[in-house]
Each structure stands twice: as structure tokens, then as C-alpha cells.
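Asker: how would this look folded up:
(one chain, ligands or ions: 2)
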Amino acid sequence: MNQDSPIMLIGVGGAGSQIAHGVSRAFGEPMRLILCDTDSVSARDNARFILLGGNRLSGRGSGGDVAQARLAAEDSKHEFNVHLEGVRLAVIVTSLGGGTGGGASLEIIKHLRHLGIPSIIFATLPFSFEGEEKSRRAQGITSMLEEVAGASIFTPLDQLIDNVDNMDEAMRRAVDTIATGVTLFWRMLEKPGYIRLDAERIKKIIAVAGRGKFATISAQGATRANDIIDGFKRSTLLASCNSVKSILLGVLAGEDLRLSEVGSIADGVRETFAPHASFDIATVNDESIFSGRISAVLMLFEANKVKANLDEPISLTNQKRRKRDLSPLSQGPQGRGRFTNVEPTIYNGEDLDVPTFSRRNITLDI
Ligand SMILES: Nc1nc2c(ncn2[C@@H]2O[C@H](COP(=O)(O)OP(=O)(O)OP(=O)(O)O)[C@@H](O)[C@H]2O)c(=O)[nH]1
Ligand SMILES: [Mg+2]
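Answerer: Ligands and ions are numbered 1, 2, ... in the order given. From the prediction side, this is the model:
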């Protein structure tokens, strides 16, 4: 476990924990990783694990209940604090469609944001064969996740399986593909080569990046740089990304990486997707992994977020919430109701005159 890293990977929910664990295996070195789920089956021997909402759900999952998963994560959020020393950026991986992936991620991201730690979330959307209910549940939480995360990337599982028809193989392929992509992104953050992006720069990019898309392409041989550009042009994962405002590109290769190759990949990406977008690039040089090959990871962001003051923790309870987000029982941002003019009853740092649902920033679906 690398406790010095300023970046932490958090796998949330059943499939999210599986993907995050896949990333740590593919990375092959100790990494700062936490798995968390409302279901104890997601615990792994060699990874830290937080069981969310212990008494509330008895460790058996939320059964697709987003609200229960949110409450469970809310119960357990302080368990994260002891693991966060020096963390500057969180990378969350999850799969939407059940209860925990979306519901718990939402509360965890809010908690981290409250502590001044921005998050990028990589979330898969359910296969179409899973049916409408799961799809609706997943879509329902995306805009809430988008609102609290600095950057959010939602990838439909249907797009990760390359026409594989066998169900078991398709499920595995999807997890592997997303895990590979996140591993490359991780390597780009943790193992910089000649062109590096430090944690502070990454944090600034991610904190305001907004909704995005990402794809990875690997190629070898004399035309590998051009093949990578062609691969990105054809990638269905990058299609329909309309107003790209910022681009993050990682070029990972062995010692034979040429400057001209980096230049042509960077130019090709800019010309293809957004010549005037803000552009950041990092390279990784690791002969033992990328010998003879270039792998490139490309992230395109729509950058719709209001620029936040990154050094000040954001108080979500005092934030102005948009009218449509307020439940009929909400007492608005202050939430002190008839106790407005009296001395507050503070216990463990919480104002007990404010209703619990309001203190805990829980929206009531009524
Ligand atoms: N590729 C792949 N996707 C999976 C697998 N298991 C689940 N998923 C996807 O992940 C989504 C969420 O499922 P889970 O991760 O089991 O749900 P959860 O987040 O643990 O939530 P609850 O169990 O309802 O509390 C599903 O709708 C699927 O799209 C798997 O083995 N492989
Ligand atoms: Mg589960």
C-alpha cells in the first residue's frame, strides 16, 4: 500500500470494487486503494475495505436501493478520514445500475469535496439487456454525481465489449477494458516520464473538468503514432463529445518513444477533437511494460463547471441548493427553522436544532 501518494483510488459497490481491484492488479505495484461496499463480499485480502452502513444493511448490499445506499455511506463516511492523510485527488470507479455504486459514490464524493479533495469518477452504465429499470436508476443519478464530482465519465457497458456475444466473456471484457483504461490513467499520474503533470496541475484540471469521455488505444510498428490517431477518430467511446473545452492526453511508451511521435499524436488529437480547447499532456516511459508499443489515454471534457475555489473546503450544507433540488420539507440553506434566534445546541460539532435530514444533506424523495 503506497501511503505517500497524493492520489487515492476508491472502488464503490460490487462491480466498482471488482474494477478497482482489477486496476490494482494491473498496476502491479502498491497503490493507495480503498474498496467500499454495503456488501461484505466485496472485501479482498490485500486491499483496505470499508463496509458501508454496517448496522443499517447488515453487510448484504442495498438490493438496488439508492436511498439506503446513500444513508449507509453517510453513516460510514468518517471511516474514510483516517485513510486520507495527504490525499489531493480521488479517483472513484463504480458501476451504476444497483444501489450502492451510485448512491454511495454520491455521498463519498460530497464528503471528500467537503474536505477539499476533488474527485474524478469513472462509472459504467448498465448493459441494455439489463432492462429499463436499471438504466433509469443509473441515469437518475448521473446528473447528481456530475454536480458534485469535478470530472465525471460515464461509459455504457455496451460500448466496452467489442461485439463479444458470450455473456460471461462480455461481462469480463467490460470490466477488463475499463480497468485497463483507469490503470493507464493511474500510471500517467503516478509514473511520469519526460513530460509530467504534477498532482496540483491534475487536481486543478479535474476539479473543473465536467462531464467527459475517455478512450485508450495501443499500437506498435512503424506507423504506431498514426494508428493511435486513427483509433481515436474511430472510437465509439469518444463519439458525440460536442463541445470539448479541455483535453488530457497521456502517451505511455518504452525508451524508443520519439519526440516526433508525441508531437504527431498531440497535434492529431487537437486537430480532430478541439483545436482551441485547453490541452495538457503527460508521457510515461517504462521499457518493461511498453517495450515497442505506445499506449495512449485520451480524455475529452466539456468543462461546464463553475470554477471552484479549490483550496477552500466547500460546505455543502450552506451551499445554495437549486430550487428543484429542495424537497417540500426542506427549510432552505440555513435549516434552523424556528430555532433561528436562539443559541444553537451544538453536539459533536453538529447543530441539533437543525433537522437530521437537513444536517446530513439528505434529499427526501417525497
Ligand atoms: N461487466 C460487469 N458488470 C457488472 C458485473 N456485475 C455487475 N455489473 C454491472 O454493475 C451494475 C451494478 O451492479 P452491482 O455492482 O452489483 O451493484 P451495487 O453497486 O453493488 O449495488 P447493490 O448491490 O444494489 O447495493 C450492474 O447493473 C451491471 O451493469 C460483472 O460481473 N461484470
Ligand atoms: Mg452489490
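
Asker: Now do Gly292: how many residues are near it, please.
Answerer: Gly292 sits with 11 neighbouring residues when counted by other C-beta atoms under 10 Å. Glycine gets a C-beta too; all of them are placed from N, C-alpha and C.

Asker: So which residues of the stretch 201-350 of the chain form helices?
Answerer: Counting by DSSP state H, counting those that start in this stretch, residue ranges of the helices within the stretch 201-350 of the chain are 224-234, 259-273, 287-290.

Asker: Burial-wise, tell me which of the ones you listed comes out on top.
Answerer: Per-stretch averages of neighbours, counted by mean count of other C-beta atoms under 10 Å, single out helix 224-234 among the helices of the stretch 201-350 of the chain, with a mean of 18.

Asker: quick check: angle from it to helix 259-273?
Answerer: On the basis of axes from the mean of the first three to the mean of the last three C-alpha atoms, to 10 degrees, helix 224-234 is oriented at 10 degrees to helix 259-273.

Asker: and helix 224-234, how far out from the chain's middle?
Answerer: 26 Å (C-alpha atoms, centre = their mean, to the nearest Å).

Asker: about what we covered before: now tabulate the helices of the stretch 201-350 of the chain in JSON lines and tack on mean pLDDT and distance to Gly181.
Answerer: Below are the helices of the stretch 201-350 of the chain laid out as JSON lines (pLDDT from 0 to 100; distance: least, C-beta to C-beta, whole Å):
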{"stretch": "helix 224-234", "mean pLDDT": "97", "distance to Gly181": "13"}
{"stretch": "helix 259-273", "mean pLDDT": "96", "distance to Gly181": "16"}
{"stretch": "helix 287-290", "mean pLDDT": "90", "distance to Gly181": "15"}
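
Asker: a markdown table please, covering those and showing distance to ligand 1.
Answerer: Converted to a markdown table, these look like this (distance: least, C-beta to the nearest ligand atom, whole Å):
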| stretch | distance to ligand 1 |
| --- | --- |
| helix 224-234 | 22 |
| helix 259-273 | 27 |
| helix 287-290 | 25 |
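
Asker: so which of the ones you listed gets nearest ligand 2?
Answerer: helix 287-290 (32.4 Å; C-beta to the ion).

Asker: contact partners of that closest one?
Answerer: The list of residues contacting helix 287-290 from outside it, by C-beta atoms under 8 Å, 6 or more residues apart in numbering, reads 252-255, 284.

Asker: State the distance from Pro30 to ligand 1.
Answerer: From Pro30 over to ligand 1 the distance is 25 Å, taken as C-beta to the nearest ligand atom, to the nearest Å.

Asker: for Thr216, same thing?
Answerer: Here Thr216 is placed at a distance of 17 Å from ligand 1 (C-beta to the nearest ligand atom).

Asker: Would you check that that residue makes contact with Leu252?
Answerer: No. Counting by C-beta atoms under 8 Å, Leu252 is not a contact partner of Thr216; they are 9.3 Å apart.

Asker: Near ligand 1, which residues of the stretch 101-250 of the chain are found?
Answerer: By the rule C-beta under 6 Å from any ligand atom, the part of the stretch 101-250 of the chain lying against ligand 1 is 101, 126-127, 130, 134, 157, 171, 174-175.

Asker: could you dump the residues you listed to TSV with secondary structure, neighbour count and pLDDT?
Answerer: TSV is the format used below for those (DSSP: H, G, I helix; E, B strand; the rest coil; neighbours: other C-beta atoms under 10 Å; pLDDT from 0 to 100):
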residue	secondary structure	neighbour count	pLDDT
Gly101	helix	32	98
Pro126	coil	23	96
Phe127	coil	19	93
Glu130	helix	15	94
Lys134	helix	18	96
Leu157	helix	24	93
Met171	helix	16	83
Ala174	helix	24	85
Val175	helix	19	86
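
Asker: Now render those as TSV, adding distance to Ser24.
Answerer: Formatted as TSV, these follow (distance: C-beta to C-beta, whole Å):
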residue	distance to Ser24
Gly101	18
Pro126	24
Phe127	25
Glu130	26
Lys134	27
Leu157	21
Met171	20
Ala174	18
Val175	13
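
Asker: Now compare those and name the two farthest from each other.
Answerer: Farthest pair in those (C-beta to C-beta) is Lys134 and Val175. Separation: 16.7 Å.

Asker: Spell out, range by range, the helices that occur in the stretch 51-200 of the chain.
Answerer: All helices of the stretch 51-200 of the chain, identified by DSSP H, counting those that start in this stretch, fall at 54-57, 66-76, 100-114, 132-148, 167-190, 199-207.

Asker: which of those helices is buried the deepest?
Answerer: Each of the helices of the stretch 51-200 of the chain was scored by mean neighbour count; the highest is helix 100-114, a mean of 27, by mean count of other C-beta under 10 Å.

Asker: Spit out the contact partners of Ser152.
Answerer: 120-121, 123, 142, 145-146, 210-212.

Asker: Nearest to ligand 2 among those?
Answerer: Nearest to ligand 2, judged by C-beta to the ion, of those is Ala123 at 14.5 Å.

Asker: rewinding a little: got the contacts of Ser152 as CSV, with pLDDT columns?
Answerer: CSV is the format used below for the contacts of Ser152 (pLDDT from 0 to 100):
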residue, pLDDT
Ile120, 95
Ile121, 97
Ala123, 96
Thr142, 96
Leu145, 96
Glu146, 94
Gly210, 93
Arg211, 93
Gly212, 94
